[in-house]
Structures are given as C-alpha cells and as structure tokens.
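[1] Pasting the sequence and the predicted model now:
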Amino acid sequence: MADLRQRISTELLPCVLQPAQYIGGEINQLVHEGDWERAAVRVVLAFPDTYTLGMSHLGCQVLYWACNGMPGVVAERTYCPQPDAEARMRARQIPLFTWDTRQPVKDAHILGISLQYEMLYTNVLMLLDLAGIPRRAQDRDESHPLVIGGGPQADNPEPVAPFFDLIVNGDGEIAIISIAEKFRELKRAGATREEIVRALALCFPWLYAPSLYEVRYDPDGTVAAIQPTIAGLPSRILRCQTPDFERATVPTRPLVPHVQAVHERVSIEIMRGCPQRCRFCHAGHTKRPLRWRSVDRILSIAEQAWRATGFDEIGLLSLSTADYPHLRALADRVEAQFAHRHVSISVPSLRVDRMLENVPLMVRSVRKSGLTIAVEAAHDDMRAAILKKVSDGRLLDGVRSAYQAGWRSVKLYFMAGFPGERPEDIDGIWDLSEAVSNVRRELCGRPAKVTASIGWLVPKPHTPLQYAPQARPEYFEEVRHRLRSLGRRNKSVRLSMPRIDRSILEAVFSRGDRRLADVIETAWRLGARFDGWDEHFKSELWDQAFDRHGLDKAWYAHRERPATEVLPWSHLAGTRRGDDYLYSQYQAELAALGLATALRG
C-alpha cells in the first residue's frame, strides 16, 4: 500500500486541477494509518459525485461516524474523481482509492454507495470500474466486496438493481451498523459471498437482494410480477426506521474539507419526516413517522461540532424546519450560545404560513444573504390541489416583514408540469415573482432582487403523482419561451430553468424498471459522466443508448399509470398507508382541478 500512496502523490496529484480535493487527511478524520489492516470489517463509503458535494452531505458523515464507532470496523471514504483525474488514473492504471489512508477500494469487505439522485447512475459504474470491481453483481466473486446501495433513490432502485448485491430500504445509520455486525459474524463462520448475501437478505426485512427476486413482464412491457426466488424472503421489503432519533448517531466532530465545499457549516438534522403531505413530495411521504431531537440535544451537538470545526454557521436541517415544535426556543438558545461568537443560523426555506411568526427569530440569528421560499405553484387553487399550504396574501405579508427586517433578495422555487396546469398558472409565476420584488419598492423605493427558479415536475415513486404522466418536452419548451418573453420587462426578476432533456431522463429513471440497467451501462460506455452537471451532460449519448436497446423514454416518462399496474417498486414499502391511499390522493388532486379521474386499468 505504501506504493499506491506514493503513486498517488507523484503520478496523480501533480497532474490534476485542485489536487487538494484528493489528498485526504482532513481535520477530524477518524481513520489513521494501520487501522485498515487491523480491522475485522473494512467498509468504504462512496459518494458518487464530486468531493465538494460529498463533503457537504450530512448523511455520509453520519454513516462514517456510525461505522467507525463500532469495535473492529473501519470505514474510509471515496468520491468520484473529476474527469481530468479519472483520465489520469486510467492512463497510469491507478485504482480507485480511499481518501483516508489511500487503500484500494476493491480491498474492502463492504462498499456502500449513496444513491442521492437519478443522474449519478453512470458515476456509480465509473466508481466500480475504476475500483476494478465488476459492474454487474452476477460477475463478482469471493475477491470482491459486497456492493450495497442506499439513499433516496433506493426507494425505486430497479434501474440500477443489477449493479448491487444488496440495497437498504429506509434509514441508513441503523442499517449499516446491523449489516456490519451480521457480516462479521458470517465472515468468522466462513460463509461464502453468496451465502452472506442470502443470509443478510433473510435476516433483515428492510434489506433487498435484487438477484434473489425475479421480475416478469407482460406483453405490453409493464411489470407482471416481482417475486422472491428462495423460500423465506418477503414478497414486500419493509422500511428500516431509526427507533431512537434523539440518540441516533451524529458526527460531533464533522470533517472539515480542504477545498471550498458546497456547504461549509455545522449541519444538524433537527427533525426527520414532515407533517405536510404535499402530493408531489417524495421525501414527505417516505420519511414518516415524524421524529425530532430535543433542544438540549441539538445545542449539545452544535457546541461540540463548533468547537471541532470553527464553522461560523449552524444549519438546522429538516424537510420542514418551520414545523419543528420547539423552533422559537431553539433559535433563542442558539442565539444566546453563539451570537457573541459571530455564528449565525441557517435554515431551509421556511413555509410561508409560518414565515411571519418566524421573522423575529430570523432577524436576530439568521444571516441575511437571501431568503428562500418554496412556493411551487403560482395560484392558490393549484397549491390547494397539491396540498401546498401557501397563499398569495401570506406570501406577500411575509416578504414585506422580511424586507423590513433587512433582507434585500428572495429566491422563489416553482414547478411547472402539474396535472391540470393552465396558461394562467405559468403567467402567474412571473406575476407573483414581480409582485414579491415590488413589495420592497413600496417600502424603500427600490425593488428586491428576485430569482424565480422553475423546475420541471418529475413524478416520484411512493407519492400520489407516481401515477401521473410527466408533461412532454414540447410543453416545457413552451413554458420556457412564455416565461422568458415575460421576463424581458423587469430586470429585477431573474428566471432560472434547468435543462429539459435531463428532467425527462430523471422521470424515466424515477419510475423505471430493471431493463434500464442496460441503457445506463451503454451510456456509461459511450462516455456519460456527471450527468447532473450542465457542463458534462450529453443528451445525445443517452439517445444512442436508448436506441441501441429499443427502449422508449416517452413510454417511461409520459405515460399515465392505471391503479391496477404492478409498479417496478411495488415490492418495496415506501409509505405507511400504501398504494390505495396514494391513488385516492391522485384522484383527489385531479378532482380538485376539475379534471377527469385517472385511469382505472
């Protein structure tokens, strides 16, 4: 291993941009030289995107702490090399390595890969290939680590299921500890790789082994059935839930990146789940039940993490921070403890119906670089249909109070493509954004800088909109043109819209099946990498891959699903109420907008 460490220092680092992102040894690193060799269970935690994103991801740091807190277990980290580093590694035959002590990733017992969003699937294959691990689970042998996936996209992992030995459905911190403990027991008993996969799948009702489930298709291309192939496996995989969120693993000495990361702050998850059930929101439906940490526990974490990092910002994170039941008390105590240290609070976008009551705490404690508000739709009736609790009156009253408190800019999040969307809903995005800007003009004579970020709706599994067709690209092009035409009349409002072709692919993979694995692998072979980044995404590579395998993106993205269809994720529990509830909610949304009911099969 000394040779690999030296080769990285002499053959890779001098030849890449920003070499500091590859050197490891960050402040608060938990693993040191010699730990890897002594460990009974060696784990590598992979974030299949850049170092700057991976170091900002709280979940990965939680798993890192959970594993390294176990006797006999060592977990190191790896990330995706940037394209220049990947090219250099391939040219010099340098294998993918861990950041902590530069071990070959292929020498791990367990390789855990975080699946955070659809457009990193080709990066998963890049990681496996650079590590020298066969991309397909069926091609691995005793010399290869178990490849385990988890994260939001594990709620429908079927497009990448052939690449994984096991997939965690649900919370990760308890799952990784349980898997590592059972793996050590099986390894000591001399179990083979195949026996370990089977034993783990039989032991944990939330652990899915794709190779042990058979997928059959109907002549029309839809899924006919997904069934286990061995006795004892459940027909439906349950969700892993952290039983004691108050005392769950938390990194009290977070890693401090060597280069500027996307977020540089003390990040604390104060609540898991969301009391709202917006009909489009994947996390809101899958992260239940609602759990939160006490104010005392949060303050203790914040104090330890601040002393270990020196960050000047504390992020109070959750799906809906405004709904944390003790938010005012928490903000008061954070201010009392940290204001004199010049440490501010960072909160995700506050719900508009709670903004007015929370402006006083934001005035004291929150850095006023910009206010972020998730509006989603421009008119009250559309918001009511998607169960988004926002009204124009509350929104404008809220931003008026924020401007009076010192804010000068606002970012508004909208989505386009909801079922039943009307031309006036699109015009309303501009009208409402302009009104938010002009509220400040009424107060001080100058408009606020407003950014209206419009995303293209991607229907998600385990939500009422899992049955809905995604709008076609021609519709999104029309929306883009309409908004840009309106945008020429006011320079205080800036419009931001993502690539349409990428959003269509997101919809394909969001609700896709196992046949898409061939498309993903072909796109990767053609050169697809970092598909979530505009500068790297190449839509033509994906078009070639779909054509080569005779699969139709439109069939996956733009087709309404009937209630009777077996969905590719039907064997994976996502919500406590089940698909009947989700379908009834989909019908309720359509009815609220005066539309015909959905297909019944």
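    Nice, I can see it.

[2] model confidence over stretch 544-557, on average?
    Mean pLDDT, stretch 544-557: 98.

[3] residues in contact with it?
    221, 469-470, 472, 504-505, 507-508, 511-512, 515-516, 518-520, 522-523, 526, 528 (CB atoms under 8 Å, 6 or more residues apart in numbering). C-betas here are computed from N, CA, C, even on glycine.

[4] Please indicate which of the residues you listed are buried?
    Neighbour counting by 16 or more other CB atoms under 10 Å classes 469-470, 504-505, 507-508, 511-512, 515-516, 518-520, 522-523, 528 among the contacts of stretch 544-557 as buried.

[5] Select from those every entry located in helices.
    Within the buried ones among the contacts of stretch 544-557, residues falling in helices by DSSP state H are I504, L505, A507, V508, L516, D518, V519, I520, T522, A523.

[6] Could you give the number of residues near the closest residue to the fourth one other than its chain neighbours?
    Nearest in space to V508, with sequence neighbours left out and distances taken as CB to CB, 6 or more residues apart in numbering, is Y556 at 4.2 Å. Counted with other CB atoms under 10 Å, the neighbours of Y556 add up to 24.

[7] same check, this time on W555
    Number of residues near W555 (other CB under 10 Å) recorded here: 12.

[8] Quick check: phi and psi on it?
    phi -60, psi -40 (degrees, to the nearest 10).

[9] That one and L457, how far apart?
    From W555 across to L457, the span is 18 Å (CB to CB, to the nearest Å).

[10] And R383, which helix or strand is it part of?
    Per DSSP states H and E, R383 falls inside helix 380-385.

[11] Packing partners of that helix?
    On a contact count with 3 or more CB pairs under 8 Å, 6 or more residues apart in numbering; DSSP states H and E, helix 380-385 meets helix 578-592.

[12] Can you report how many residues lie near P145?
    P145 is flanked by 21 other residues according to other CB under 10 Å.

[13] what kind of secondary structure is R576 in?
    Secondary structure, DSSP: H, G, I helix; E, B strand; the rest coil: R576 is coil.

[14] What pLDDT is listed against it?
    pLDDT for R576: 75.

[15] Apart from its chain neighbours, what residue comes closest to it?
    R288 (6.2 Å).

[16] residue contacts, that neighbour?
    Residues in contact with R288 (CB under 8 Å, 6+ apart) are G273, C274, T575, R576.

[17] Same check on C15?
    Neighbour list for C15: D84, R88 [criterion: CB under 8 Å, 6+ apart].

[18] separation between it and R92?
    Applying CB to CB to C15 and R92 gives a distance of 9 Å.

[19] Same question for P461.
    If you go by CB to CB, the gap between P461 and R92 works out to 41 Å.

[20] before we move on, what about F280?
    46 Å.

[21] One more: E194?
    Computed as CB to CB, the E194 to R92 distance reads 34 Å.

[22] ok, R193 - how many residues close by?
    Other residues within reach of R193, judged by other CB under 10 Å, total 16.

[23] List the contacts of it.
    By CB under 8 Å, 6+ apart, R193 lies in contact with R140, D141, E142, H144, L146.

[24] Could I get the phi/psi values of the nearest residue to the fourth one once chain neighbours are set aside?
    Nearest-residue entry for H144: I133, 5.3 Å, with adjacent residues in sequence omitted and distances by CB to CB, 6+ apart. I133 adopts backbone torsions of phi -110, psi 130, taken as degrees, to the nearest 10.

[25] Show the pLDDT at I133.
    With respect to pLDDT, I133 scores 98.

[26] again, but for M362
    pLDDT, M362: 53.

[27] Ok, T564 next?
    So T564 comes in at 94 (pLDDT).

[28] On the three-state scheme, it is what?
    coil.

[29] May I ask which helix or strand encompasses V74?
    For V74, the host element (DSSP H and E) is strand 73-79.

[30] That strand pairs with which strands, and in what direction?
    Strand 73-79 sits in its sheet next to strand 41-47 (parallel), going by DSSP bridges.

[31] any idea how far the residue nearest to the spatial centre of the chain lies from C67?
    Nearest to the mean C-alpha position of the chain, counting by CA atoms, centre = their mean, stands Q116 at 3.3 Å. Per CB to CB, Q116 is found 19 Å from C67.

[32] Then S570?
    Distance of S570 to C67, computed by CB to CB: 32 Å.

[33] Comparing these two, which residue is more hemmed in?
    Higher neighbour count among S570 and C67: C67, with 28 against 17, using other CB under 10 Å.

[34] So that one is in contact with V74, correct?
    Yes - under the criterion of CB atoms under 8 Å, C67 is in contact with V74, at a separation of 7.4 Å.

[35] joint contacts of these two?
    V43.

[36] Enumerate every residue touching Y22.
    I8, L12, L13, V16, Y51, P81, A85, W99.

[37] What does the pLDDT read for it?
    pLDDT recorded at Y22 is 97.

[38] Show me where the stretch 351-500 of the chain has its helices.
    352-365, 380-385, 392-404, 423-444, 473-487, 500-510 (DSSP state H, counting those that start in this stretch).

[39] Name the residues of the second one that come out as buried.
    Read that as helix 380-385. By neighbour count on 16+ other CB under 10 Å, the buried set for helix 380-385 is D380, M382, R383, A384, A385.

[40] I'd like the average pLDDT over it.
    89.

[41] Phi first, then psi, for M89.
    The phi/psi pair for M89 (degrees, to the nearest 10) is phi -60, psi -40.

[42] Can you give me the neighbour number for G190?
    Using other CB under 10 Å, G190 is surrounded by 7 other residues.

[43] distance of it from E142?
    Here G190 is placed at a distance of 11 Å from E142 (CB to CB).

[44] ditto for Y22
    Going from Y22 to E142 by CB to CB gives 30 Å.

[45] And for the helix holding R383, what's in contact with it?
    The contact list for helix 380-385, computed with CB under 8 Å, 6+ apart, reads 279, 375-377, 389-392, 418, 420-421, 425, 589, 592-593.

[46] Report the backbone C-alpha coordinates of that helix in CSV.
    The C-alpha trace of helix 380-385 is given here as CSV (Å, rounded to 0.1, in the frame of the first residue of the first chain):
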residue,chain,number,x,y,z
ASP,A,380,-53.9,29.4,-4.6
ASP,A,381,-56.2,26.8,-6.2
MET,A,382,-53.3,24.9,-7.7
ARG,A,383,-51.4,25.0,-4.4
ALA,A,384,-54.5,23.7,-2.7
ALA,A,385,-54.7,20.8,-5.2
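
[47] now it: how far from the chain's centre is it?
    Relative to its chain's centre, helix 380-385 lies at 26 Å (CA atoms, centre = their mean, to the nearest Å).

[48] Name the residues linked to C240 by a beta bridge.
    In this structure, C240 bridges to G170 when assessed by DSSP bridges.

[49] quick one: it from F164, how far?
    In this view, C240 and F164 are 16 Å apart by CB to CB.
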